[in-house]
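>>> Pasting the sequence and the predicted coordinates here, then a few questions.
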Amino acid sequence: MGCRFHDQSLRTYARQIAKRSAGGHIVVIDGALSRNEEKFLRELDASVVRQDLPTFATELAGLL
C-alpha cells in the first residue's frame, strides 16, 4: 500500500511478487494513473479503490 511505481524495474519487481501470491489484488490509489500504471493494474486484474491511503486505512480500521 502506498507505493507508486515510477520506473519499469519497480513494476517488474511488483509483477514477480503478484505472480507468486493469490489472486484478488486490491490497489488503493489516489490521483490520476499513468498509462503504464493502468496497464500494470489491468495485467494484475486488480480492483482499484480510488481513495487516499490515510482515509482508507481509517475506514478499514473502523470495520474491524
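Here it is on my side, so go on.

>>> CA only for contacts and neighbour counts going forward, please
Noted.

>>> Helices along this structure, start to end?
8-19, 35-44, 53-63 (DSSP state H).

>>> ok, residue 20 - how many residues close by?
Around residue 20 there are 8 other residues, counting by other CA atoms under 10 Å.

>>> wait, residue 59
Considering only other CA under 10 Å, residue 59 is surrounded by 11 other residues.

>>> which ones are touching it?
Shown in contact with residue 59 (CA atoms under 8 Å, 6 or more residues apart in numbering): no residues.

>>> and with 10 Å instead?
Contact analysis of residue 59 by CA atoms under 10 Å, 6 or more residues apart in numbering lists residue 53.

>>> Do you know the pLDDT at residue 2?
Note on residue 2: pLDDT of 57.

>>> ugh, wrong one, I meant residue 34
With respect to pLDDT, residue 34 has a value of 85.

>>> pLDDT score assigned to the residue most central in space within the chain?
Compute the mean C-alpha point of the chain, and by CA atoms, centre = their mean the closest residue is residue 27, 3.0 Å away. Looking at residue 27, its pLDDT reads 87.

>>> For it, name its beta-bridge partners.
Per DSSP bridges, the residues bridged to residue 27 are residue 48.
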